[in-house]
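> Give me the fold of what follows.
(chains A and B)
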Amino acid sequence: MEHPILFISLILEKLGLPIPHGPVGNTFLEQLCEPYMTYTWFVMIFLVVVGKLTLSNIEMVPGKGQNFWEYAIGGMYDFFNDNMGAELTEKLFPMIATFALYIAVANLIGLIPGFMSPTSSINTTLALTIIVWVTHHIIGIRAHGMAYIKHFLGPIPVLIPLMLPIELISNIARLLSLSIRLFGNIMAKETLLGILFMLAGAYFAPLPIMLLGVLVSLVQAMVFVLLTVVYFGQANEHAH
Amino acid sequence: MAKKLSTEMVDLLGNYGHIGFTFVAAIFIGLGGGIYLDEHLFDGKTSPWFTFIGLAFGIFAGFKSLFDILRTPAARSKDKDSEG
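From the prediction side, this is the model:
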């Protein structure tokens, strides 16, 4: 397939850094210069700079920037509070809110020509998912101790040999479905946009897909965060 | 009205849009585990039994994750709304 033009990769290439041409680079430096790595850093810098610019002087009567953040953060806080309780929200709000902002921005950035979504690489989404998956087990073990295993044994003792594999499979399936869903949706969007640009870019053919891309980006970020919150809440509550 | 409709749609997409993926992932994990047991742990001596057992467990796990989605807080609060 035709390579999209990624301006960070072009700049790095001009600086003499090796840009890998395959999906995975050979040397450590090549792996660091992967487009999904460089664009991950770009999104991180973007979020930090925008946060710094809009929130450097917080006022009683908020301006435009502060108003936006108060609305976004307040909305997320209420949502987490409703779904997993105040105690967990206090502890884990920074982590999940960072995930939400990062995934939303990383999804949307792919719609601009010259950028790609870091989330259209399975490495990024799998890393996010593994963090969530491990954290929800840690929450369960901290909340229940050894009794956390009751979450995997089902309601009736006689059915334990049947329920244990089923529960384990559906738990590991979370790892797979959470990562591949985000990756698949965003990669499909990117690939479709690339092909349409190549075929009929002059006739605005990608425009409807870009419209859908905005919806898909936001919905996928929301789904990821919603499922994270649900898993954390389930790990924290008592076994049924 | 339009705003309410769109938030409702996003709500529904968020809560139930991932049903298909979770279902398929569970089946594939079960099948993959069964094939692993058959081919690598028992060197193909037990083939194809663990594959079938794994597939059955995977399908059951898929249905179980389906019921789990129905029990999420979002779905429960909707039930409460319709009752009250």
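> And the pLDDT for residue 15?
Went with chain A since none was named. The model reports A:L15 with a pLDDT of 81.
> my bad, chain B
74.
> Ok, B:M9 next?
Per the predicted model, pLDDT is 72 at B:M9.
> Let me see the contact set for residue 53.
Using chain A here. Shown in contact with A:L53 (Cβ atoms under 8 Å, 6 or more residues apart in numbering or on different chains): A:G65. Where C-beta positions appear, they are placed from N, C-alpha and C, glycine not excepted.
> ah, no, chain B please
B:G34.
> Can you point out the helix or strand that includes B:E8?
helix B:2-16 (DSSP states H and E).
> Helix or strand next in line after that helix, which one?
Taking DSSP H and E, what comes next after helix B:2-16 is helix B:19-36.
> For that following helix, which residues meet the burial criterion?
Buried residues in helix B:19-36, counting neighbours by 16 or more other Cβ atoms under 10 Å in any protein chain shown, are found at B:21-35.
> could you pick out which of the residues you listed are near chain A?
Applying Cβ under 8 Å from any Cβ of the partner chain, the subset of the buried residues of helix B:19-36 adjacent to chain A comprises B:F21, B:T22, B:V24, B:A25, B:A26, B:F28, B:I29, B:G30, B:G33.
> Distance of A:W133 relative to A:Y77?
Distance of A:W133 to A:Y77, computed by Cβ to Cβ, to the nearest Å: 23 Å.
> Looking at the two, which is more packed in?
A side-by-side neighbour count of A:W133 and A:Y77, using other Cβ atoms under 10 Å in any protein chain shown, places A:W133 first with 19 against 14.
> Which residues are in contact with that one?
By Cβ under 8 Å, 6+ apart, the neighbours of A:W133 are A:R174, A:L175, A:L178, A:Y231.
> Next secondary structure after the helix or strand that contains the first one?
Secondary structure here is read from DSSP H and E; on that basis A:R174 sits in helix A:160-200. Note on helix A:160-200: by DSSP H and E, the next helix or strand toward the C-terminus is helix A:207-236.
> buried stuff in that next one?
Under 16+ other Cβ under 10 Å, the buried positions of helix A:207-236 are A:209-210, A:213, A:216-236.
> likewise stretch A:64-74?
A:Q66, A:W69.
> residues making contact with that stretch?
A:G51, A:L53, A:T54, A:L55, A:I58, A:E59, A:P62, A:A97, A:L101.
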